[in-house]
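My questions concern the predicted model and sequence given below.
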Amino acid sequence: VLQSENSSLKELDLTNNDLQDSGVELLSAGLKSSQCKLEILRLSGCLVTEEGCSSLASALRLNPSHLKELDLTYNHPGESGVNLLSARLEDPHCSLETLRYVQLYGCDLTLDPNTAHRSLSLSEENRRVKKCVCVCVSKSERVCKVTVLLI
């Protein structure tokens, strides 16, 4: 469907599906297509690890102009997976505006220019915030731009 010339799919919510990295790799093949028009992809709770994040980052590198929101909450992207996806935010051609990846069992979260772009959502029992500093500057200046914080 994502590779179809006539595809008009703009939003795909696969939340809580057992996709794992192998399913994300297949999905990423569709995201790489120049025919893909998907703007919102929700993969919350899909058992995605660093390997799946690598596939998604590769797809965003090859076709950076369509996806605006990527939800990877309740997965296990690891530091390298987060870094790979955050690096896509620095691409001036990348249209990704929202990247969600907070884990259910996260203990600490440090925001820097590469880890959050527009919004941050802390949910379930992850609501103990010791300090929150939000800097709002444009993406072109490559500074953390958290405009919405949900706790």
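Done, it's in.

lowest-pLDDT helix or strand in this protein?
strand 148-150 (a mean of 44; mean pLDDT, DSSP states H and E).

SS state for the closest residue to Q20 other than its chain neighbours?
Spatially, and ignoring its direct neighbours in sequence, Q20 is nearest to L47 (4.7 Å; C-beta to C-beta, 6 or more residues apart in numbering). The way it works is simple: take the backbone N, C-alpha and C, and place the C-beta from them, glycine included. Under DSSP: H, G, I helix; E, B strand; the rest coil, L47 falls in the coil class.

tell me the strands in this protein, going along the chain?
Under the criterion DSSP state E, the chain contains strands at 11-13, 40-42, 69-71, 98-100, 119-121, 148-150.

Report the contact partners of the nearest residue to E25 once chain neighbours are set aside.
Closest residue to E25 apart from its sequence neighbours, by C-beta to C-beta, 6+ apart: S55 at 4.6 Å. S55 is in contact with D21, V24, E25, L27, S28, counting by C-beta atoms under 8 Å, 6 or more residues apart in numbering.

before we move on, back to that, looking at the strands of the chain, which has the lowest confidence?
Confidence, taken as mean pLDDT, is least for strand 148-150 of those (a mean of 44).
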